[in-house]
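Engineer: need coordinates for the following:
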Amino acid sequence: MVDTKTPADKTLSVPTKTLSLKPRVETGTVRQSFSHGRTKQVVVEKRGKRRVGGEAPAADTHAPEPAVTAKAAKPAPAARTASPPVAARGNSGVVLRTLTEDERSARASALADAKVRDVEERRIAEEETKRRASRESIEQAEREAAETRRKAEEERHRHDEEAKRKAESEAKKRFGEAEAPRPATTTARLATPAARPAIPTARAPGVAADASDEDEGPRQIRRGPGAGRPAPAPKANKAAPPKQRGRLTLVTALNADDVRERSIASFRRRTQRLKGHQTAEPKEKLIREVTIPEVIAIQELANRMSERAVDVIRLLMKQGAMHKITDVIDADTAQLIAEELGHTVKRVAASDVEEGLFDVVDDSTDTEPRSPVVTVMGHVDHGKTSLLDALRHANVVSGEAGGITQHIGAYQVTSPESGKKITFIDTPGHAAFTAMRARGAKVTDIVVLVVAADDGVMPQTVEAINHAKAAKVPMIVAINKIDKPDARPERVRTELLQHEVQVESLGGDVVDVEVSAKNKTNLDRLLEMIALQAEILDLKTNSTRPAEGTVIEAKLDRGRGPVATVLVQRGTLRVGDIIVAGAEMGRVRALISDQGDTVEEAGPSVPVEVLGFNGPPEAGDRLAVVENEARARQITSYRAHQKRENAAASISGMRGSLEQMMSQLKTSGRKDFPLVVKADVQGSLEAILGSLEKLGTDEVAARILHAGVGGISESDVTLAEGFNAAIIGFSVRANKEAAAAAKRNGIEIRYYNIIYDLVDDVKKAMSGLLAPTLRETMLGNAQILEVFNISKVGKVAGCRVTDGTVERGANVRLIRDNVVVHEGKLSTLKRFKDEVKEVQAGQECGMAFENYGDMRVGDVIECYRVESIQRSL
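Structural biologist: Predicted coordinates for the structure are as follows:
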């Protein structure tokens, strides 16, 4: 087939390539050789120079241009107006083709961009040249100014040299040592301007150093073409200036020529270094007042003394005690350490939290009169409560169980003549309520001793007299029941003399009044005597200060919570006050008077019921108002801690070790009677516990597992079940759940309203634990006349009863030569051939012993009976 295509058609058929700017980088590889025969092949790039305008391309030695025929190189006449042809290398030689419009525009834009870049590079080079020239002029001016300052500074140093020598001589005289000669280099540096260091100048970031730092060649390379200038004259070969230390700033550059003088402190430090700190002044010791509690840690002690802990430990080691820094030492040891180190000591104790709580002295100008507090005391059933009922126009006696007072009470009575109020405290007369009577005597101003005219002085009367004398309060004797036909007041006055109580009618100083509570006789005279005695005492107090008082009685009410009967002694107690009593604290929620009315405040000598305690306080605790809850919490926590420690000490003292307990059981054999006691008020509980404690003996004693105020709860039943104990409730009852649990577990609950019955029942129950007493009753004696040996029976003694009777089954002793050789029982007692129960005196009988047959003629058989007798406490 003949090819009919023209050369132009062939040109159009050549595949086209995208026109782009080729990188002017040629790469190749070169092998590098190193020592020991090592080689490495690296890549080398060769960048060509950009050609602008009609510059000829560089010759390529690696790829020669292919030869182009003259005919092909000449363009066709018709293609003169078109774009220039492009040579393309094909398989059949060189073929010309015409550039497209896109290729032509791409080439034009590439050339335009290259021209713009060249213009921008030339502009940047011109600006750099201008900046260099400006910077060089500024540096020249700075060098000239520095030279001027150097000359002025040299002149000033020359004038001040004499002043420096004078100052140095004064310093030498002051510190007692000549200064070492100044280095020669300093003087030379000051005298020779050429030896001074070059003044560094501040340069802009990125600016190269000037010709003083580098030689001319590199400087010209960095500055580019056209920026050359003549090189400065070479410097003389002189000693290099000292190296500039520290950070280069504008201030340090401008003040480089200034020479700082050595200060007095620097000279002193240099002198001390040369002498090895021999003349160093000793550091002044700080003397402190060290507060030392009961126990303190070694680290804390050292901190309070501003001493090192190792010094404290060293002193302890000298005393023979090895301690760590965290160990705790007692106050005595800490005081010895502190005093040995030269400090003063202030000892404090944990009880210091109670300082200032009570007994703060009142200002005499702020006091005002107060009502007297009168305590009525005496023997049981002498009419104390009846007398108070007559004074108060009340009937307290009718509500008391058994007709006796078992609680302490506080009441206020208004005197009909003077109109002043008198506070009465009624105390029980039973022997068990000694603590109640003692509390009443402590808080009182006057004691009214009630003695029945028909009964005379009794044991509790004597006890009341002793309480009044111990409290050092005046006494008024009220001889009650004078309306009875057998009343003998004179006998009462005479019996009181035996206890050093002399009434006024017998020449003494004790007031006595004959009264009758039943007929209300002479009650006004009794009140008059009380008012007269109070006027003599001149009772005054400050009612505006925080309140102080005493807890007369405390109980746990189911609806109102803990309730305390408080007698305010000083100050005024108000609703909302924060109070502390014993180990309990609280805020006063309500105040209830003795008449049952709610009041907002209670002044001195006023008895009130206080609601708001966290728990029932102990009867007899002192009450105080504190400023905030933090102080109250601090005081109660200390008291609770003390209470726990005392309880733990008493328990550990009772229990001891296991060996001690076993030895006590072996030696004493003491039995315990476990009890759980619940009462209505603290005073009754205290009296019950005291009475039960007195019942104990060496063989049996009451063991109180738990004692509290309030009703019997389910936890009490659980505790009693664990120890198989009985539960006693005094004027309280068990709730529904506790009663059901007690019935289910077989726990006995005993309820009492009279302390007599409670003590008697517990006494009987404890008596049942006592071992019975064995008593021998002699029956008679018999003498052996003959001994018979009977088969299948053994030896049988033929006896005659000399006195008494002999009974079968009785205990017998075999006596030989007045020595007991056997004790046992009779197994056989026969008279003739019949078994008989007993043999009278003068009759003969046959006897055989149980498991014993060594009987001889002439022995005496003693017959007796052993009886068991139950003991009681």
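Engineer: gap between residue 150 and residue 162?
Structural biologist: Distance, residue 150 to residue 162, by Cβ to Cβ, to the nearest Å: 21 Å. (Glycine included, C-beta is placed from N, CA and C.)
Engineer: wait, residue 496 touches residue 457, no?
Structural biologist: Yes. At 6.3 Å, residue 496 and residue 457 qualify as touching, with contact defined as Cβ atoms under 8 Å.
Engineer: what do the two both touch?
Structural biologist: Common neighbours of residue 496 and residue 457, counting by Cβ atoms under 8 Å, 6 or more residues apart in numbering, are residue 451.
Engineer: higher neighbour count, those two?
Structural biologist: Set residue 496 next to residue 457 and count neighbours by other Cβ atoms under 10 Å: residue 496 wins out with 26 against 23.
Engineer: separation between the more buried one and residue 483?
Structural biologist: From residue 496 over to residue 483 the distance is 21 Å, taken as Cβ to Cβ.
Engineer: which of residue 150 and residue 162 has more neighbours?
Structural biologist: The neighbour comparison of residue 150 against residue 162 (other Cβ under 10 Å) goes to residue 150, with 15 against 9.
Engineer: quick check: phi and psi at that one.
Structural biologist: Phi and psi for residue 150, reported as degrees, to the nearest 10, are phi -60, psi -40.
Engineer: could you do residue 735 as well?
Structural biologist: phi -80, psi 180.
Engineer: leaving out sequence neighbours, find the closest residue to it.
Structural biologist: Distances taken as Cβ to Cβ, 6 or more residues apart in numbering put residue 711 closest to residue 735, at 5.9 Å, once the chain neighbours are dropped.
Engineer: any idea of the pLDDT on that neighbour?
Structural biologist: For residue 711, the model assigns a pLDDT of 88.
Engineer: can you get me a residue count around it?
Structural biologist: The number of residues packed around residue 711, counting by other Cβ under 10 Å, is 16.
Engineer: what's near enough to touch it?
Structural biologist: Counting by Cβ under 8 Å, 6+ apart, residue 711 touches 558, 678, 729, 732-735, 738.
Engineer: buried subset of these as a PyMOL selection?
Structural biologist: Restricted to buried positions by 16 or more other Cβ atoms under 10 Å, the PyMOL selection for these reads:
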select buried, resi 678+729+732+734+738
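Engineer: which of the contacts of residue 711 fall within helices?
Structural biologist: Within the contacts of residue 711, residues falling in helices by DSSP state H are residue 738.
Engineer: just the contacts of residue 711: which are in strands?
Structural biologist: Members of the contacts of residue 711 lying in strands (criterion: DSSP state E): 678, 729.
Engineer: surely residue 519 is within a helix?
Structural biologist: No. Assessed with DSSP: H, G, I helix; E, B strand; the rest coil, residue 519 is coil; it does not lie in a helix.
Engineer: is it true that it touches residue 484?
Structural biologist: No. With contact defined as Cβ under 8 Å, residue 519 and residue 484 do not form a contacting pair (10.5 Å).
Engineer: tally of neighbours for residue 285?
Structural biologist: Should you count by other Cβ under 10 Å, residue 285 turns out to have 11 residues around it.
Engineer: and it, helix, strand or coil?
Structural biologist: coil.
Engineer: name the SS class of the closest residue in space to it that isn't next to it in sequence, please.
Structural biologist: Leaving aside its sequence neighbours, residue 285 sits nearest to residue 342 (Cβ to Cβ, 6+ apart; 6.5 Å). At residue 342 the chain is in coil, as set by three-state DSSP.
Engineer: which pLDDT does the model give residue 342?
Structural biologist: If you check residue 342, the pLDDT there is 90.
Engineer: neighbours of it, how many?
Structural biologist: Neighbour count of residue 342, defined by other Cβ under 10 Å: 12.
Engineer: from residue 313, how far out is it?
Structural biologist: The gap separating residue 342 from residue 313 is 18 Å, by Cβ to Cβ.
Engineer: in the chain, which residue is most central in space?
Structural biologist: The chain has residue 637 as the residue nearest its centroid, 10.7 Å off, counting by Cα atoms, centre = their mean.
Engineer: before we move on, which element is that one in?
Structural biologist: Assessed by DSSP states H and E, residue 637 sits inside helix 629-655.
Engineer: average pLDDT for that helix?
Structural biologist: 78.
Engineer: residue 863 is in contact with residue 777, correct?
Structural biologist: No. Applying Cβ under 8 Å, one finds residue 777 not in contact with residue 863, separated by 10.2 Å.
Engineer: of the two, who's got more company?
Structural biologist: residue 863 (25 against 9).
Engineer: ok, that one - contacts?
Structural biologist: Residue 863 neighbours (Cβ under 8 Å, 6+ apart): 778-782, 804-807, 810-812, 826.
Engineer: and residue 531, by the same measure?
Structural biologist: Residues near residue 531 by Cβ under 8 Å, 6+ apart: 372, 415, 417-418, 420, 422.
Engineer: cool, and residue 287?
Structural biologist: Applying Cβ under 8 Å, 6+ apart, we find residue 287 in contact with 342-344.
Engineer: now swap in residue 713 and tell me
Structural biologist: Residues in contact with residue 713, defined by Cβ under 8 Å, 6+ apart, are 734-735, 738.
Engineer: could I get those as JSON lines with pLDDT and distance to residue 575?
Structural biologist: Shown next, in JSON lines, are the contacts of residue 713 (pLDDT from 0 to 100; distance: Cβ to Cβ, whole Å):
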{"residue": "734", "pLDDT": "90", "distance to residue 575": "34"}
{"residue": "735", "pLDDT": "89", "distance to residue 575": "31"}
{"residue": "738", "pLDDT": "90", "distance to residue 575": "35"}
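Engineer: for the residues you listed, which one is nearest residue 627?
Structural biologist: Of all these, residue 627 sits closest to residue 735, with 39.5 Å by Cβ to Cβ.
Engineer: state the distance from that closest one to residue 28.
Structural biologist: Noted for residue 735: a distance of 109 Å to residue 28, by Cβ to Cβ.
Engineer: swap in residue 381?
Structural biologist: Between residue 381 and residue 28 the distance, using Cβ to Cβ, works out to 137 Å.
Engineer: how about residue 354?
Structural biologist: As judged by Cβ to Cβ, residue 354 and residue 28 stand 102 Å apart.
Engineer: these two - which one has more neighbours?
Structural biologist: With neighbours defined as other Cβ under 10 Å, residue 354 and residue 28 compare such that residue 354 has more, 15 against 10.
Engineer: report the contact partners of residue 507.
Structural biologist: Neighbour list for residue 507: empty [criterion: Cβ under 8 Å, 6+ apart].
Engineer: and what of residue 724?
Structural biologist: Listed by Cβ under 8 Å, 6+ apart, the contact set of residue 724 reads residue 674.
Engineer: can you check residue 867 too?
Structural biologist: The contact partners of residue 867, by Cβ under 8 Å, 6+ apart, come to 774-777.
Engineer: beta-bridge partners for it, please?
Structural biologist: Beta-bridge pairing for residue 867 (DSSP bridges): residue 775.
Engineer: if we can go back for a sec, mind putting the contacts of residue 531 into a markdown table with distance to residue 844, neighbour count and pLDDT?
Structural biologist: Converted to a markdown table, the contacts of residue 531 look like this (distance: Cβ to Cβ, whole Å; neighbours: other Cβ atoms under 10 Å; pLDDT from 0 to 100):
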| residue | distance to residue 844 | neighbour count | pLDDT |
| --- | --- | --- | --- |
| 372 | 90 | 21 | 88 |
| 415 | 94 | 17 | 75 |
| 417 | 97 | 9 | 70 |
| 418 | 98 | 14 | 71 |
| 420 | 97 | 17 | 80 |
| 422 | 90 | 22 | 86 |
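Engineer: those: which two are farthest apart?
Structural biologist: Spatial extent of those (Cβ to Cβ) is set by the pair 372 and 417 at 14.7 Å.
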